[in-house]
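Q: just to be clear, the model below is a prediction. Sequence and coordinates:
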Amino acid sequence: MAEQVDVVVVGLGVGGEETAGRLAQAGLRVVGIESRLVGGECPYYGCIPSKMMIRAANLIAETRRVDGMAGTASVQPDWAPVAKRIRAEATDNWNDKVAVDRLVSKGATVLKERGTITGRNTVRAGDREFEATRGIVIATGTIPAVPPIDGLAGTPYWTNREAIEADTLPVSMLVLGGGAIGMELAQAFARFGSQVSVIEGAAEVLSMEEPESGVLAREALERDGVTFHTGVHAKQVGYAGNTFTVTLDNGSVVSGEKLLVATGRRIATDELGLDQLGLDPKAHRIEVDGHVRAGDKVWAIGDVTGVGVFTHNAMYQADIAVRDILEEPDAPTASYHAMPRVTFTDPEIGAVGLTEKQAREAGLDVRTGSTPIPASTRGWIHKAGNEGFIKVVADNERGVLVGATSAGPTGGEVLSALAVAVHAAVPVHSLRQMIYAYPTFHRAIGEALKAL
Ligand SMILES: Cc1cc2nc3c(=O)[nH]c(=O)nc-3n(C[C@H](O)[C@H](O)[C@H](O)COP(=O)(O)OP(=O)(O)OC[C@H]3O[C@@H](n4cnc5c(N)ncnc54)[C@H](O)[C@@H]3O)c2cc1C
Ligand SMILES: NC(=O)c1ccc[n+]([C@@H]2O[C@H](COP(=O)([O-])OP(=O)(O)OC[C@H]3O[C@@H](n4cnc5c(N)ncnc54)[C@H](O)[C@@H]3O)[C@@H](O)[C@H]2O)c1
């Protein structure tokens, strides 16, 4: 017989862990079900360990910039401290005991099982079944989307998981996909000495962002020794003698010791039992409303909603779900018009809201302004590694920014001012009257606004 609880959370990644913990702390009877690691992709295979790699790789790059600006310096890159730090500090050797204990201490019941929805309000985990009287929260995330390329299946290709677990550095690495994962990891590995080639199907890398961002990032990685094959697709993959050989659709052949597949993510809900809730098990995302409800007494949060594959989105939607489940009188509705994102290449590429293309496609009366970071006082002082730009996208009719990009040293931090502007629809004339501290990188925002 099903055990009665208030809420069942399926998937305890970033979003699920937050939701289960907060609802349990509020006094609800909560069961959280996780088939792998409590905490999900971000702490074990995503954001945190990848940013540890990037931090280390950026130290190497910064040291190489000493020459000609502060004397001379040489650096012998060593992957061992990076791998050790990821193992010891980030992932606890891919052990989630601390996270499980933390959630249990908040009052939740945690089951390390695969959850299956068996009815409108019932979920099975192993040999136990639960009836969720308040509802079910689906927080099952995404997995790597691996394209059906001839010969690829069955080879020991890497996804982000194997790349993050790497104890030693490959001599050479092919990266399929020049999106956020491909570009971040390509640069980190290249700075440690791997020979890296990126294969990107679109005409330019980071194709979801402003075209200028793709050019900037590609040129930066080229300076780190990365080679690019853009506008081409892999047609065939072979693996022999510890070497991958990839034949591209333009006829050229590239090879490398490892092949990292970073061609996007997909939801994996085929066997979750979504049909029991009247939801399409074959859909590419679970549609949610403003309260992240996917149906009656069903909420979905995080990557699985397809709103944005970002930890901050999973946390944001978790907050919306928690407050709706708790029936708070001022429970907020979600708004995604100022979704921020940062690609942690060097230069960092921060963006918020719409790109120019998206704004034009939305039928807005678009005006843009941009300014190069090296032309700003701070950029000029900074010199080595100062590449970047600020671009603002305005809706001329409303007189507000609807999108912006901040690329450059600390581009992700400079983004914060632009994110506030887009989020709160601060009038452009008001932004123009702001005083921007001298000499900062963010002062370039004022110049970009003047160029509108
Ligand atoms: C290499 C890499 C770098 C990234 N860097 C960043 C970054 O810098 N900044 C950023 O914002 N985002 C980053 N991301 C994205 C970020 O990791 C995700 O957006 C975030 O983890 C989404 O959280 P989630 O809770 O939706 O899903 P997940 O973290 O994927 O968690 C879902 C959980 O559900 C579990 N699950 C699935 N099905 C079931 C089932 N039937 N039963 C039980 N459990 C189940 C899974 O095992 C998983 O633990 C990165 C991702 C990668 C891969
Ligand atoms: N800093 C961050 O916030 C961060 C870091 C890493 C990942 N993420 C998120 O994780 C998700 C997954 O990242 P990702 O880089 O795998 O996906 P992505 O969607 O960002 O990029 C995938 C790239 O692969 C290309 N591609 C797809 N199929 C291809 C093929 N067959 N041949 C060649 N190229 C192909 C696409 O054109 C695209 O440029 C993204 O949505 C991203 O936002 C975020």
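A: Here it is on my side, so go on. Ligands and ions are numbered 1, 2, ... in the order given.
Q: pLDDT at residue 1, what is it?
A: We have a pLDDT of 85 for residue 1.
Q: residues near the closest residue to it other than its chain neighbours, how many?
A: Among residues not flanking residue 1 along the chain, residue 129 sits closest, at 7.7 Å (C-beta to C-beta, 6 or more residues apart in numbering). In short, each C-beta sits where N, CA and C put it, glycine included. Using other C-beta atoms under 10 Å, residue 129 has 16 neighbouring residues.
Q: which residues does the closest residue to ligand 2 within the stretch 1-150 of the chain contact?
A: Here the residue of the stretch 1-150 of the chain nearest ligand 2 is residue 147; by C-beta to the nearest ligand atom that distance is 4.0 Å. Residues in contact with residue 147 (C-beta atoms under 8 Å, 6 or more residues apart in numbering) are 176, 234, 261, 263.
Q: check contacts around the third one.
A: By that I understand residue 261. 144, 146, 147, 152, 157, 158, 159, 176, 177.
Q: the first one and residue 260 touch, don't they?
A: No - in terms of C-beta atoms under 8 Å, residue 144 does not count as a neighbour of residue 260; the distance is 10.0 Å.
Q: so what sits against both of those two?
A: Residues touching both residue 144 and residue 260 (C-beta under 8 Å, 6+ apart) are 159, 160.
Q: and those two? Which one has more around it.
A: In this view residue 144 and residue 260 are compared by other C-beta under 10 Å, and residue 260 has more residues nearby, 28 against 21.
Q: for the more buried one, grab phi and psi.
A: Here is the backbone geometry of residue 260 (degrees, to the nearest 10): phi -100, psi 120.
Q: for whichever strand or helix holds residue 319, which helices and strands make contact with it?
A: Assigned by DSSP states H and E, residue 319 falls within helix 311-325. Contacts defined by 3 or more C-beta pairs under 8 Å, 6 or more residues apart in numbering; DSSP states H and E place helix 311-325 against helix 14-25, strand 128-138, strand 298-300.
Q: what's near enough to touch residue 304?
A: Taking C-beta under 8 Å, 6+ apart, one finds 11, 138, 139, 140, 141, 142, 267, 269, 285, 286 in contact with residue 304.
Q: my guess is the fifth one contacts residue 303. True?
A: Spelled out, that is residue 141. Yes - counting by C-beta under 8 Å, residue 303 is a contact partner of residue 141 at 4.7 Å.
Q: beta partners for the residue nearest to residue 1?
A: residue 124 (DSSP bridges).
Q: for residue 403, same thing?
A: Judged by DSSP bridges, the bridge partners of residue 403 are residue 353, residue 393.
Q: who are the neighbours in contact with it?
A: Contacts of residue 403 (C-beta under 8 Å, 6+ apart): 351, 352, 353, 354, 355, 356, 358, 359, 392, 393, 422.
Q: the same query, at a cut-off of 10 Å, please.
A: For residue 403, the contact set (C-beta atoms under 10 Å, 6 or more residues apart in numbering) comprises 210, 337-339, 351-359, 364, 366, 368, 391-395, 418, 422.
Q: out of those residues, which end up buried?
A: Neighbour counting by 16 or more other C-beta atoms under 10 Å classes 210, 338-339, 351-356, 358-359, 364, 366, 368, 391-395, 418, 422 among these as buried.
Q: for the closest residue to ligand 1 within the stretch 201-350 of the chain, phi and psi?
A: With C-beta to the nearest ligand atom, the shortest gap between the stretch 201-350 of the chain and ligand 1 falls at residue 302, namely 2.2 Å. Dihedral angles of residue 302 (phi, psi; degrees, to the nearest 10) stand at phi 80, psi -160.
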